[in-house]
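A.B. asks: Structure of the sequence below:
(one chain, ligands or ions: 1)
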Amino acid sequence: DSEVNSENVNTFLSDMPLCMQRLMEGVSVNHHLKYGGRQQLAFFLKGIGLSADEALKFWRNQFTKSMSAERFNKDYKYNFRHNYGLEGGRINYKPWDCKTIMNKPNPTKSEYHGCPYRDLHRDELLVMLGKLGLEGNRSTDDVLDLSNRGEYQAACTKVFELVNRDNIDYALKTKSGNVDQSSIVHPNQYFDRSRYLKK
Ligand code: SF4
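C.D. replies: Sure, this is the predicted structure:
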């Protein structure tokens, strides 16, 4: 398995759940993310194996397209080092699970954190599903219905199944049926399950 670093992290986009794809899009479009988004994405990236040094490179590369290196060092570097327990109380923060993400304040219009199945308007959600190749797929109706009913993790699990359907079928045949099909409760679980299916 190739190691995740600041250069190749974008190649893992298809393994990420929608919340993280949205944050990755947010940072690559704006070259900035507000606090809630920075925390949610940074802990996730830490969980998929991005080291402290590589994380700093990733965020610096992005942010210095919209600000000077001095400003990045002054206003943001501490935050990203802190996430890895390298500053302040030196706490080894864990990636957030869905419940933690959903217990945070909801995102405002210019923010990208949270859970898209809960926070996005139906039309925006449809656009995101389209980018996953699910547009026009009858099953997207199921995803929208689940989202409407407040069953966000079920919607996320459904999307995982749709996106990975071929890999799941193949794994069921070749991995002695050893495929976890439980509900998604954690973004890193989504990622790990996706990587497992590709092995
Ligand atoms: Fe992310 Fe969890 Fe929402 Fe899926 S259900 S998009 S993993 S917060």
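
A.B. asks: Residue numbers of this protein in contact with the ligand?
C.D. replies: 17-19, 98, 101, 115-117, 152-153, 156, 184, 187, 190 (CB under 6 Å from any ligand atom). C-beta here means a position set from N, CA and C on the backbone, and glycine is covered the same way.

A.B. asks: do that again at 5 Å, thanks
C.D. replies: Neighbours of the ligand within the chain, by CB under 5 Å from any ligand atom: Pro17, Leu18, Cys19, Cys98, Ile101, Cys115, Tyr152, Gln153, Cys156, Pro187.

A.B. asks: who touches the last one in this structure?
C.D. replies: Translated: Pro187. Shown in contact with Pro187 (CB atoms under 8 Å, 6 or more residues apart in numbering): Met16, Pro17, Cys19, Met20, Phe44, Gly47, Pro95, Trp96, Asp97, Cys98, Ile101.

A.B. asks: 7 Å instead, please
C.D. replies: Pro187 is in contact with Pro17, Cys19, Met20, Phe44, Pro95, counting by CB atoms under 7 Å, 6 or more residues apart in numbering.

A.B. asks: again, but for the second one
C.D. replies: Listed by CB under 7 Å, 6+ apart, the contact partners of Leu18 are Pro116, Met128, Cys156, Val159.

A.B. asks: run the last query once more with 8 Å
C.D. replies: Taking CB under 8 Å, 6+ apart, one finds Cys115, Pro116, Tyr117, Met128, Leu132, Cys156, Val159 in contact with Leu18.

A.B. asks: among these, who's most crowded?
C.D. replies: If you count neighbours using other CB atoms under 10 Å, the busiest of the contacts of Leu18 is Tyr117, which has 27 neighbours.

A.B. asks: Secondary structure element holding that residue?
C.D. replies: helix 116-119 (DSSP states H and E).

A.B. asks: Where does pLDDT dip in the protein?
C.D. replies: 1-2, 177 (pLDDT under 70).

A.B. asks: just the helices in it please.
C.D. replies: For the chain, applying DSSP state H gives helices covering 18-30, 35-47, 52-63, 69-75, 77-83, 98-103, 116-119, 122-131, 139-148, 152-163, 165-174, 187-198.

A.B. asks: packing partners for the fourth one?
C.D. replies: Pointing back at helix 69-75 there. The contact analysis (3 or more CB pairs under 8 Å, 6 or more residues apart in numbering; DSSP states H and E) places helix 69-75 against helix 52-63.
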